[in-house]
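K.L.:
Fold the following for me, if possible:
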Amino acid sequence: LTSTLPKEAIGGPQVTTDKQVFHTDAGDIIALFALETAAQGGISRISSTWNAYNELAATRPDLVKVLSEPWPYDKFGANPPYQLRPLLFHHDSKVIIQYARRFFTGFQALPRSTDIPPISEAQAEALDAIHFLGEKYNLGLNFQKGDIQYINNLAIFHARD
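P.N.:
All right, here's what the predicted structure looks like:
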């Protein structure tokens, strides 16, 4: 089910045992499967994107606006090198926040591309706000070998200790 990669080939935290910050993945539903019980860490964390949105709407509507504007998503060497799209949008009268920080900062073997526009200070602040609100409202689940977790990727952030 998994393979070992040399560090220089790792482009995302999903193939490591490293901590992962709050993010969403591609797709509507994601499934996480614990191959082994972690010797340390291993807590799977989930947090409502709607709680994050509600707090931002009440306290920082300026960041809601920033999240709703187009952002340069790094396509890591593809042509074109990036795609503009918002992190926060509405679909069927529901708020959806979809993002992973590494598309704006890079990760190990996939550093941020040099030929895309930098994110602004307001965008960096919005990324931090999403992260800290995910931390504020999270629920930690102690994954054991064989556990499976299904997540509504359109309404839940997830992270890993």
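
K.L.:
Just the buried residues of the longest helix that the chain contains, please?
P.N.:
In the chain, with assignment by DSSP state H, the single longest helix is helix 121-136. Buried residues in helix 121-136, counted by 16 or more other Cβ atoms under 10 Å: 123, 126-127, 129-131, 133-134. The way it works is simple: take the backbone N, C-alpha and C, and place the C-beta from them, glycine included.

K.L.:
Near Arg102, how many residues? Count them for me, please.
P.N.:
Neighbourhood size, Arg102 [other Cβ atoms under 10 Å]: 21.

K.L.:
Leu110 is in contact with that one, correct?
P.N.:
Yes: using Cβ atoms under 8 Å, Arg102 is in contact with Leu110, at 7.3 Å.

K.L.:
now for the helix or strand just after the longest helix of the chain, which elements pack on it?
P.N.:
Per DSSP states H and E, the first helix or strand lying C-terminal to helix 121-136 is strand 139-142. Packing partners of strand 139-142 (3 or more Cβ pairs under 8 Å, 6 or more residues apart in numbering; DSSP states H and E): strand 43-48.

K.L.:
ok, the strand it packs on: who's next to it in the sheet?
P.N.:
strand 139-142 (antiparallel), strand 156-160 (antiparallel) (DSSP bridges).

K.L.:
and that strand, which residues are buried?
P.N.:
Across strand 43-48, burial judged by 16+ other Cβ under 10 Å covers 44-48.

K.L.:
quick one: low-confidence parts of this structure?
P.N.:
1-19, 107-109 (pLDDT under 70).

K.L.:
for it, what spans make up the helices?
P.N.:
49-59, 61-68, 102-105, 121-136.

K.L.:
closest one to Asn153 among those helices?
P.N.:
Proximity to Asn153, assessed across the helices of the chain by Cβ to Cβ, is greatest for helix 49-59 (9.4 Å).

K.L.:
now the residue positioned nearest the centre of the chain, nearest residue through space, not along the chain?
P.N.:
The centroid of the chain falls nearest to His23 when counting by Cα atoms, centre = their mean (1.7 Å). The shortest distance from His23 to any non-neighbouring residue, by Cβ to Cβ, 6 or more residues apart in numbering, is to Ala100 (4.0 Å).

K.L.:
Alright, that wraps it up for me.
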